[in-house]
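only geometry, no sequence info:
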């Protein structure tokens, strides 16, 4: 498991960052007619420039979780299929393309919204009514803006390449592992745990990124604000940093063992056994 500690730490760091940024900004996507916008409801007193920065950080952390997934898959491919010993320098080089892509999307987003006009008084009034009379700084998404079209094209192209790259490389890893007859039962167990964890991560990220986008598009097609669709979209974005770590902790045996040992120390042996019996029944 030590060979994969970098990608496990990487995943943990990205999800913690996304959880912190999401918790502070509480970015919500809302649609009024053909106008879509972000609101930083976690900081209701934020100015327009502060809301721009908060939503740009949220975009950065969200896309970092998505676009760094291929790094984990390629990392494992190099170790298993190519039998490469990955140094720290090699690992940093592997991170550069994903980092540049995420920085381009989030930086371009910030530059675009900083130059576009703010929300109209009509939109601000509708936003206030939909939020129980609370004033929130809104960040309009002018999807017809040339720069925004380029950013959306980069994001969609990158996500499409990820969805092609990840299954393809995962299949090559699986094919190579299947041919290896000299693996010990311990090695097989580790590979099963890592494979299952990475597959779960890809599925969760795909659902939590594509499903909210579908909700936003439905609102735009209906040309009216359906509050519960905006709520579902925002809630689904927030699920990612919670579900992934929990599944990882229970999938990786060493993590699960540490979790149970810590729980026994905190709750005591008798209370912990009672809790486990209740959870089983």
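Here it is on my side, so go on. For clarity, every value in this text was computed on a predicted model and none was experimentally measured.

Enumerate every residue touching residue 84.
Counting by CB atoms under 8 Å, 6 or more residues apart in numbering, residue 84 touches 78, 90. Just so you know, the C-beta spots here come from the backbone N, C-alpha and C atoms, and that holds for glycine as well.

quick one, helices of the stretch 1-150 of the chain?
5-25, 48-67, 69-80, 88-115, 121-130, 146-179 (DSSP state H, counting those that start in this stretch).

ranking those by mean pLDDT, which is last?
Ranked by mean pLDDT, those bottom out at helix 121-130, which scores a mean of 81.

In contact with the residue nearest in space to the middle of the chain, which residues are there?
Centroid-nearest residue in the chain: residue 65, 4.0 Å away (criterion: CA atoms, centre = their mean). Contacts for residue 65 were tallied using CB under 8 Å, 6+ apart; they are 14-15, 18, 205, 240-241.

so which of the residues you listed would you say is closest to residue 156?
residue 205 (15.0 Å; CB to CB).

who touches the residue nearest to that closest one when sequence neighbours are not counted in this structure?
Using CB to CB, 6 or more residues apart in numbering and skipping residues adjacent in sequence, the residue nearest residue 205 is residue 66, 5.7 Å away. Shown in contact with residue 66 (CB under 8 Å, 6+ apart): 159, 162, 205, 209.

Quick check, residue 50 in contact with residue 114.
No: counting by CB atoms under 8 Å, residue 50 stays clear of residue 114, with 11.9 Å between them.

Assess the claim that residue 86 and residue 78 are in contact.
Yes: counting by CB under 8 Å, residue 78 is a contact partner of residue 86 at 6.1 Å.

can you pull the pLDDT of residue 277?
If you check residue 277, the pLDDT there is 51.

ok, residue 201 - how many residues close by?
23 (other CB atoms under 10 Å).

Distance to residue 187 for the helices of the stretch 1-150 of the chain - can I get that in CSV?
Formatted as CSV, the helices of the stretch 1-150 of the chain follow (distance: least, CB to CB, whole Å):
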stretch, distance to residue 187
helix 5-25, 16
helix 48-67, 29
helix 69-80, 10
helix 88-115, 22
helix 121-130, 55
helix 146-179, 9
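
Let me know which of those helices is the nearest to residue 38.
Of all the helices of the stretch 1-150 of the chain, helix 48-67 sits nearest to residue 38, with 4.6 Å by CB to CB.

Next, the angle helix 146-179 makes with that closest one.
Interaxial angle, helix 48-67 versus helix 146-179 (axes from the mean of the first three to the mean of the last three CA atoms, to 10 degrees): 20 degrees.

ok and helix 48-67 relative to helix 88-115, angle-wise?
140 degrees.
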